[in-house]
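*Asks:* generate a structure from the sequence data that follows.
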Amino acid sequence: MNPYEFVETHRDAFLDELKEFLRIPSISTLSEHKPDIRRAADWLRQHFEQIGLTRTEIIESAGNPFVYAEWLGAGPDAPTVLVYGHYDVQPADDPDGQWKTDPFEPVVKDGSLYARGATDDKGQTFTQMKAVHGLLAAGQMPVNIKFIIEGEEESGSDHIHGFVRENPDLLKTDAVIVSDTSILSLDQPSIVTGLRGMTYLEIEVQGPDHDLHSGMYGGVVQNPAQALVHILAAMHDDQGHILVPGFYDRVRVLSDAERTELAKVPFSLERLKDETGLDTPWGEPEYQMHERLGIRPTLEINGLVSGWTGEGAKTVLPAKALAKVSCRLVPDQDPKEIESLVRQYVTSITPPAITSTVRRLHDGMWAVVDPDSPYMRAAVRAYEFGFGAPPVFMREGGSIPIVGTFQKVLDAPVILMGFGLPDDNLHAPNEKFSLECFYRGMKTAIKFYQEVGAL
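*Replies:* Alright, predicted model coming up:
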């Protein structure tokens, strides 16, 4: 039985295993889920052992553990591929009742598997694992394979960068595969060649030393919530341009030829409406929507907290207010420089009666990958085999901070081999993973390893 026949005949079993993995609520941003993080890591290590990898271990860190696994049976002359993924997931809080099913009880509906982590990133990581399973079961694994799976990607990847820098020999490889992105559609696969970086900040403002009665002090004491709204409103003009001085200074200007190439993958109004329910785009009018999503930086408000938010009325003048803000960054912006620029700007526009504090929660570098490496060409052939059409290249607006570290430390090409779809609801209620993407993804990954083995 060849590897394609193996994964085809084991579809149902693989789906049941993925459901088992998804039932573990391994939320890295919430400390009460530490035991679930450990359960997910244990589950992964055991599964790597079951499918035939010869070295499997949990590696402790100052944060959540890594899961490392390898099979080096192809020999020293064969290429080595390192697969990266993450087993932690986003929170699944649902105050408005938007989840249609239990986020940690996977459900198949209309050809998709619904659960938190279904596509980001348990399902995509599992797709790579089962492709390797098929090759090992068939006795046809043509490359040496390594896996490094972390448990902190959704909370900033605080410790994996140091781990990679300290263990270059352990992770030594000819190419790195990251399956944590999306393709355009089932009929049109795509490969991401660029990711934005990130600076994630908290902006907190303080006024009086305790909450006050708004009737007794309103009009005399400046309201911190109002001050914070003023500060945040001053971050953009009416067209979406960021007003932080110096924010755009290092943004790499793309050539007309590069912009023409990116325009081959447009972002249509129809797609915007399908994915968001909106039919009016917003942002820098001198750039097309696909450029605003991939090659332009952003500054977004991710959360606001202040005063009374419970049921009914409470006439309070809050003592403080807090906003969570993320900046998506592009070549050649530096995350720490952007943090400094935002901090200086916030300080400069903070009203006199208010104290402001800017805290960095995490950051990460942008990344651009080589579209012409032999490994990328192998990936192109693999997608055409698995999805029936050659992939197009595109930039993505999201961030995977470890990609830049892999490039720098391991000096190996990174292939962003995604199997998700644009409407998979990453980080949102009703996250899903298309079963067709799962099945075609295994086929694509098998073909990739075969192509790399033949290089």
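*Asks:* mind listing the helices for the stretch 351-455 of the chain?
*Replies:* Using DSSP state H, counting those that start in this stretch, the helices of the stretch 351-455 of the chain run over 374-387, 402-410, 435-453.
*Asks:* any buried residues in the last one, and which?
*Replies:* Using 16 or more other CB atoms under 10 Å as the test for burial, helix 435-453 gives 435, 437-453. Every residue, glycine included, has its C-beta placed from N, CA and C.
*Asks:* pull that helix out as CSV, backbone CA atoms only.
*Replies:* This file holds the C-alpha atoms of helix 435-453, laid out as CSV (Å, rounded to 0.1, in the frame of the first residue of the first chain):
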residue,chain,number,x,y,z
LEU,A,435,-12.4,18.3,5.5
GLU,A,436,-11.5,18.6,1.8
CYS,A,437,-8.5,20.8,2.8
PHE,A,438,-7.5,18.2,5.4
TYR,A,439,-7.6,15.3,2.9
ARG,A,440,-6.0,17.3,0.0
GLY,A,441,-3.5,18.7,2.5
MET,A,442,-2.2,15.2,3.4
LYS,A,443,-1.9,14.4,-0.3
THR,A,444,0.0,17.6,-0.9
ALA,A,445,2.3,17.2,2.0
ILE,A,446,3.2,13.6,1.0
LYS,A,447,4.0,14.8,-2.5
PHE,A,448,6.1,17.6,-1.1
TYR,A,449,8.3,15.2,0.9
GLN,A,450,8.6,13.0,-2.2
GLU,A,451,9.7,16.0,-4.3
VAL,A,452,12.2,17.1,-1.7
GLY,A,453,13.6,13.6,-1.5
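*Asks:* any chance of the helices of the stretch 351-455 of the chain in TSV, plus mean pLDDT and distance to S112?
*Replies:* As requested, those are exported to TSV (pLDDT from 0 to 100; distance: least, CB to CB, whole Å):
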stretch	mean pLDDT	distance to S112
helix 374-387	98	17
helix 402-410	95	27
helix 435-453	98	6
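*Asks:* okay, now the domains of this protein?
*Replies:* Using automatic domain parsing, the domain parsing of the chain gives 3-195+366-453, 197-251+297-364.
*Asks:* tell me the gap between the shortest one and the middle of its chain.
*Replies:* Between the mean C-alpha point of domain 197-251+297-364 and the mean C-alpha point of its chain there is a distance of 24 Å (CA atoms, centre = their mean, to the nearest Å).
*Asks:* next, count neighbours for E300.
*Replies:* Counted by other CB atoms under 10 Å, the residues lying close to E300 total 11.
*Asks:* which ones are touching it?
*Replies:* Contact analysis of E300 by CB atoms under 8 Å, 6 or more residues apart in numbering lists V325, S326, C327, R328.
*Asks:* may I ask which helix or strand of this structure has the lowest mean pLDDT?
*Replies:* Averaged element by element with mean pLDDT, DSSP states H and E, the chain has its least confident helix or strand at helix 256-262 (a mean of 84).
*Asks:* that one: how far from the chain's middle?
*Replies:* 25 Å.
*Asks:* begin at 160 from here
*Replies:* In the new count, where the first residue is 160, that last one comes out as helix 415-421.
*Asks:* for it, packing partners?
*Replies:* Applying 3 or more CB pairs under 8 Å, 6 or more residues apart in numbering; DSSP states H and E, one finds that helix 415-421 makes contact with helix 448-453, strand 551-555.
*Asks:* contacting residues around it?
*Replies:* Outside helix 415-421, the residues within contact range by CB under 8 Å, 6+ apart are L413, H449, E450, G453, I454, F552, M553, R554.
*Asks:* check those and tell me the two furthest apart.
*Replies:* Maximum pairwise distance among these (CB to CB): 14.4 Å, between E450 and F552.
*Asks:* residue contacts, the spatially closest residue to E496 that is not a sequence neighbour?
*Replies:* In space, and not counting its chain neighbours, E496 is closest to R409: 7.5 Å by CB to CB, 6 or more residues apart in numbering. Counting by CB under 8 Å, 6+ apart, R409 touches D491, Q492, D493, E496.
*Asks:* secondary structure class for R409?
*Replies:* Using DSSP: H, G, I helix; E, B strand; the rest coil, the structure places R409 in coil.
*Asks:* also V351?
*Replies:* In three-state terms, and counting by three-state DSSP, V351 is strand.
*Asks:* can you tell me the element the residue of the chain most remote from its centre falls in?
*Replies:* In the chain, counting by CA atoms, centre = their mean, M375 sits farthest out from the average C-alpha position, at 47.1 Å. If you go by DSSP states H and E, M375 is part of helix 373-376.
*Asks:* helices and strands around that helix, which ones?
*Replies:* strand 475-476.
*Asks:* okay, now the sheet partners of the strand it packs on, with direction.
*Replies:* Here strand 475-476 is paired, per DSSP bridges, with strand 371-372 (antiparallel).
*Asks:* which residues touch the strand it pairs with?
*Replies:* Outside of strand 371-372, the residues within contact range by CB under 8 Å, 6+ apart are V380, T474, V475, L476, A478.
*Asks:* farthest-apart pair in the residues you listed, please.
*Replies:* Within those, T474 and A478 form the most distant pair, 14.4 Å apart (CB to CB).
*Asks:* who's more crowded, these two?
*Replies:* Neighbours were counted for T474 and for A478 using other CB under 10 Å; A478 has more, 18 against 12.
*Asks:* identify each buried residue in the helix holding M375, please.
*Replies:* Burial within helix 373-376, assessed by neighbour count using 16+ other CB under 10 Å, is assigned to S373.
*Asks:* following that helix, which helix or strand comes up?
*Replies:* Where DSSP H and E defines the elements, the next helix or strand beyond helix 373-376 is helix 383-392.
*Asks:* now for that following helix, which elements pack on it?
*Replies:* Applying 3+ CB pairs under 8 Å, 6+ apart, one finds that helix 383-392 contacts strand 356-365, strand 457-465, strand 479-488, helix 494-508.
*Asks:* quick one: buried residues of stretch 583-597?
*Replies:* D583, N584, L585, P588, N589, E590, K591, F592, S593, L594, C596, F597.
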